[in-house]
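S.K.: Compute the structure for the input listed below.
(one chain, ligands or ions: 1)
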Amino acid sequence: MQALPPLSSWTDRLRALTILGSIGLISVLHVLTPGPAEAANHMASHGLHSALEGLYYIPLLLAGYWWGRWPAGTCGVLVTGVYGLHTQFQLGGILDPANRGRLLALIIFPAVAFTTGLLADRLRRETQALLDAERQVRRAEMLAALGELSAGLAHEIRNPLASIRGAADVLAASFAPGSRDEEFARLLVSEVQRLDRVVCDFLQFARPGRAGDEFADPGACIQATFSLLRSPAAKANVKFTFDGAADGRLVRCPPEALRQVMLNLCLNALQAIGQGPGTVSVQAEAPHPERMRLVVDDTGPGVPPEQREAIFRPFHTTKDHGTGLGLSVVAKIVSGCGGTVHVTDGPEGGARFIVELPLAPPGIQVPVPEVVG
Ligand code: ADP
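M.R.: Okay, here's the model as predicted:
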């Protein structure tokens, strides 16, 4: 809760000057304009005095719209203070029965400012949620288009690969066992097999995600990821930590897909740190009854705000040997499971990736964990 208005930019300072300046100006004019007692015979002055009271609402509404509920509430209290002093010392006292309307105004000023701020805060939150949702939809559409294109391409590659493999098998069988020719033919077979596996994996990425009924234990997936990265992490002097506050809860996502998500995020974190000492810390928390949040923090250089959207696009990379596919795979898997992913600043200056996934319904059994590494 921040009760004071922000003053960090010139726009903020100009807004503060406008609001506080107009409250000050209205107060001075108000004090100088004859009130009902002095203006008994001057209806015009009396009318002006009342109109000036109404003018206070303009800066209060602006404060609510620009700053939100708490700073606007503070401005409301300020107006109540100034107006209260004026009523007390110039208009016969707050408790004077003739000033009942003014007493009510003293309560209404902060209430109007706070309520306007409350509505503006809500509008801002809803607009932000809408923008986020639109960004996610755009990302999903882009990935779907990429998926279709690459699925077609991968299919075209696999057909000739099958022919090459068949021919290499025949060749290998025709050479004398143990000869150099046979060795080369076998090498050809095994390399074709490897290529086929790579294309298969890629096809898996390109295939539309299954939002089916598969569930994963995030704790187990994170531990499996740590095991896979143990050796490069030790070489780079990087420590992995896991805080499983939401341990035991399952998420709606195939376990192998969640492992892939965690692996891509942790590997990126490790690469961002480079040579340690450094730390990659992962937390699993369930702040909402229907969603689990997985947070990956690192002590690397972080992701500059202007790149935070681009890094999720396929083929966007800043690494010499990067493919730029890691985070788009993460985004694709997560959105396919009905979740979201975004990046922000970490608590120690590095990057913080936040993945939110739907929680499994209660009663779903924990799958038997796979031991990796
Ligand atoms: P790749 O790792 O092949 O570059 P990714 O899609 O995984 O592809 O990442 C895209 C880009 O996002 C990276 O090149 C890097 O610039 C940025 N990035 C990803 N993770 C981090 C991180 N933890 N810290 C800083 N930058 C990151």
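
S.K.: For the residue nearest to Gly93 when sequence neighbours are not counted, give its distance to Ser227.
M.R.: Spatial nearest neighbour of Gly93, excluding adjacent residues (CB to CB, 6 or more residues apart in numbering): Asn99 at 6.9 Å. From N, CA and C alone the C-beta is placed, and that goes for glycine too. Between Asn99 and Ser227 the distance, using CB to CB, to the nearest Å, works out to 75 Å.

S.K.: higher neighbour count, the two?
M.R.: Asn99 (18 against 13; other CB atoms under 10 Å).

S.K.: Let me see the contact set for the more buried one.
M.R.: Asn99 sits next to Thr87, Leu91, Gly92, Gly93 when contact means CB atoms under 8 Å, 6 or more residues apart in numbering.

S.K.: In a strand, the last one, correct?
M.R.: Spelled out, it's Gly93. No - assigned with DSSP: H, G, I helix; E, B strand; the rest coil, Gly93 falls outside any strand and is coil.

S.K.: Wait, it touches Thr87, no?
M.R.: Yes - at 7.3 Å, Gly93 counts as touching Thr87 under the criterion of CB atoms under 8 Å.

S.K.: who's more crowded, the two?
M.R.: Thr87 (21 against 12).

S.K.: Phi first, then psi, for the more buried one.
M.R.: phi -60, psi -40 (degrees, to the nearest 10).

S.K.: State the pLDDT value of it.
M.R.: You'll see Thr87 listed with a pLDDT of 89.

S.K.: Just to check, it is in contact with Ile94?
M.R.: Yes - Thr87 lies in contact with Ile94 (CB under 8 Å); the separation is 5.3 Å.

S.K.: List the residues that are in contact with both of these two.
M.R.: Joint contacts of Thr87 and Ile94 (CB under 8 Å, 6+ apart) are Arg102, Leu103, Leu106.

S.K.: Neighbours of the last one, how many?
M.R.: Going back to what we said before, that points to Leu106. So Leu106, with other CB under 10 Å, has 18 neighbours.

S.K.: Next up, identify which helix or strand the closest residue to it other than its chain neighbours is on.
M.R.: Setting aside the residues directly before and after it, Leu106 is nearest to Thr80 in space (CB to CB, 6+ apart), at 4.8 Å. Element membership of Thr80, judged by DSSP states H and E, is helix 69-90.

S.K.: what's the following helix or strand after that helix?
M.R.: Note on helix 69-90: by DSSP H and E, the next helix or strand toward the C-terminus is helix 100-174.

S.K.: okay, and the helix or strand of this protein with the least pLDDT?
M.R.: Sorting the helices and strands of the chain by mean pLDDT, DSSP states H and E puts helix 43-55 at the bottom, at a mean of 75.

S.K.: and the very next helix or strand once past that one, average pLDDT?
M.R.: Next in sequence after helix 43-55, counting helices and strands by DSSP H and E, comes helix 57-67. When pLDDT is averaged over helix 57-67, the result is 95.

S.K.: Please apply the same query to stretch 127-142.
M.R.: On average, stretch 127-142 scores 84.

S.K.: hang on, the earlier thing: for the residue nearest to Leu106, what are its contacts?
M.R.: Leu106, Ile107, Phe109, Pro110.

S.K.: mind checking how far it is from Ala220?
M.R.: Distance, Thr80 to Ala220, by CB to CB: 57 Å.

S.K.: List the contacts of stretch 328-339.
M.R.: With CB under 8 Å, 6+ apart, stretch 328-339 has contacts from 136, 139-140, 143, 146-147, 205, 208-211, 251-253, 257-258, 260-261, 264-265, 291, 312-314, 340-341, 355-358.

S.K.: which among the residues you listed end up buried?
M.R.: Buried by 16 or more other CB atoms under 10 Å: 136, 139, 143, 146-147, 205, 209, 251-253, 257-258, 260-261, 264-265, 291, 312-314, 340-341, 355-358, out of the contacts of stretch 328-339.
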